[in-house]
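In: Here's a sequence, model it:
(chains A, B, C and D)
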There are 2 protein chains.
Amino acid sequence: MNVRTICLAILYDGDATGYEIRKLSVEGEYSYFIDASYGAIYPSLARLEQEKLVTARVEQQDGKPAKKIYSITPAGRAAFIQSMFEKLGEDEFRSEFLLFLRFASELPQSLVEQRLNERIVEIDATLADFDRLKQQHNHPGDAWVIDYGRTCMQAARDYIEAHGDELIALARSDRDDAAAAE
Amino acid sequence: MNVRTICLAILYDGDATGYEIRKLSVEGEYSYFIDASYGAIYPSLARLEQEKLVTARVEQQDGKPAKKIYSITPAGRAAFIQSMFEKLGEDEFRSEFLLFLRFASELPQSLVEQRLNERIVEIDATLADFDRLKQQHNHPGDAWVIDYGRTCMQAARDYIEAHGDELIALARSDRDDAAAAE
DNA sequence: TCGCACATGTAACGTGTTACATGATTAG
DNA sequence: CTAATCATGTAACACGTTACATGTGCGA
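Out: Alright, predicted model coming up:
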């Protein structure tokens, strides 16, 4: 899944500027699909404009820089929907957190415990964010996708709460670790 | 998480060649952390050797190309463990599948249904793979991580089975879609 | 005999990030 | 007065993929 596709998906729901697209992709409802920077978004939008999949209009603002507002064209909508018919890219999941936990037996107990606690806090924040997103969804499919995410997150949280202790028990006791440091 | 770190993680458990590392990262227990190609692995190993974090020895084989077997050095072990102490990279999750589902209302029912069924099959394959991996794990933390993965996968599967129909109901009926195609 | 598994490596290419350039307004 | 927000865009860089080059033995 590339920045290009995400730009089309966002513009599918309504006009936006490059700046707004980046915000949505970092903080908003799209942050669970991608995390794109200006350096990727602006050239992407320029290319989409060339290909006539979006159009742009400039809007002057007083006190603020001029905005370049992009709109999706009928051809853009068709191209996006067409891409949903084609073979989808595989889901990708990369977790340095799980790699860390895999090596729990080589790491100090206190660190393993701390990281597990931090993760619970992060998951709670994500769950709260899902609640926020659910208030302001615009697609009929949004609520379903958000609840899907919530279900997976909750399962992860429950697993950590139920079995975190087992992992902490595997870790190096802090006493051993202090001894090894000498 | 980069290829470099994964190479060290794999070599932490025992010697391996570049070829084997790629296999592990694509099919094996590491495929849930990364999916690296030769073009990334070989240069990475060469650099690790320069930095004295791994050593290499060449082993001739009759009928097969010579192997270059890499071993982690004490400095390599220390560097890897040190990297686990430092701030971890964030987990990343990208799902074109969820983007597709989000737009269910714009897509034909038959396609949405098909993709949901395919996903169930994929999840079952992954769950079976987890069973296989659980037989041959070498770290004490492996079983925990595998069960964590299994729990999340199972939750996703259950959710699709329980709520898939709701999403299919949102999709365009195939009759409308045929009409729209004219 | 066709293609796959074994095995290493490079070069071209794609895609995205980080840092920079520019500049006004507003909130702390 | 300092930092953040709004706003666009480019250039250097990092990192990774795909395709290619090379070559043997084995199973269908």
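In: doesn't A:Arg150 make contact with A:Leu127?
Out: Yes - assessed by C-beta atoms under 8 Å, A:Leu127 is found in contact with A:Arg150 at 6.3 Å. No exception for glycine: its C-beta is placed from N, CA and C like everyone else's.
In: Looking at these two, which is more packed in?
Out: Higher neighbour count among A:Leu127 and A:Arg150: A:Arg150, with 17 against 14, using other C-beta atoms under 10 Å in any protein chain shown.
In: Are we agreed that the more buried one is in a helix?
Out: Yes - applying DSSP: H, G, I helix; E, B strand; the rest coil, one finds A:Arg150 inside a helix.
In: what number of residues lie near the residue lying closest to it once chain neighbours are set aside?
Out: Leaving aside its sequence neighbours, A:Arg150 sits nearest to A:Phe130 (C-beta to C-beta, 6 or more residues apart in numbering or on different chains; 5.1 Å). By other C-beta under 10 Å, the residues close to A:Phe130 number 18.
In: Quick one: residues contacting A:Phe130.
Out: Applying C-beta atoms under 8 Å, 6 or more residues apart in numbering or on different chains, we find A:Phe130 in contact with A:146, A:149-150, A:153.
In: which non-adjacent residue is nearest A:Ile123?
Out: In this structure, A:Ile123 finds its nearest non-sequential neighbour in A:Arg157, 4.6 Å apart by C-beta to C-beta, 6+ apart.
In: tell me which element that neighbour is part of?
Out: A:Arg157 belongs to helix A:140-170 when assigned by DSSP states H and E.
In: picking up where we left off before, pull the number of nearby residues for the residue nearest to A:Ile123.
Out: 17.
In: Might one say that it is in contact with A:Asn117?
Out: No - at 11.8 Å, A:Arg157 does not count as touching A:Asn117 under the criterion of C-beta under 8 Å.
In: circling back to that earlier point, do you know the pLDDT at the residue nearest to A:Arg150?
Out: pLDDT, A:Phe130: 91.
In: so what's the residue nearest to A:Ile123 up against?
Out: Contacts for A:Arg157 (C-beta under 8 Å, 6+ apart) come out as A:120, A:123-124, A:127.
In: Adding pLDDT and secondary structure, write these out as a markdown table.
Out: Listed next are the contacts of A:Arg157 as a markdown table, based on pLDDT from 0 to 100; DSSP: H, G, I helix; E, B strand; the rest coil:
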| residue | pLDDT | secondary structure |
| --- | --- | --- |
| A:Ile120 | 97 | helix |
| A:Ile123 | 95 | helix |
| A:Asp124 | 96 | helix |
| A:Leu127 | 94 | helix |
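In: would a markdown table of these with distance to B:Tyr70 be doable?
Out: What follows is the contacts of A:Arg157, written out as a markdown table (distance: C-beta to C-beta, whole Å):
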| residue | distance to B:Tyr70 |
| --- | --- |
| A:Ile120 | 37 |
| A:Ile123 | 37 |
| A:Asp124 | 41 |
| A:Leu127 | 42 |
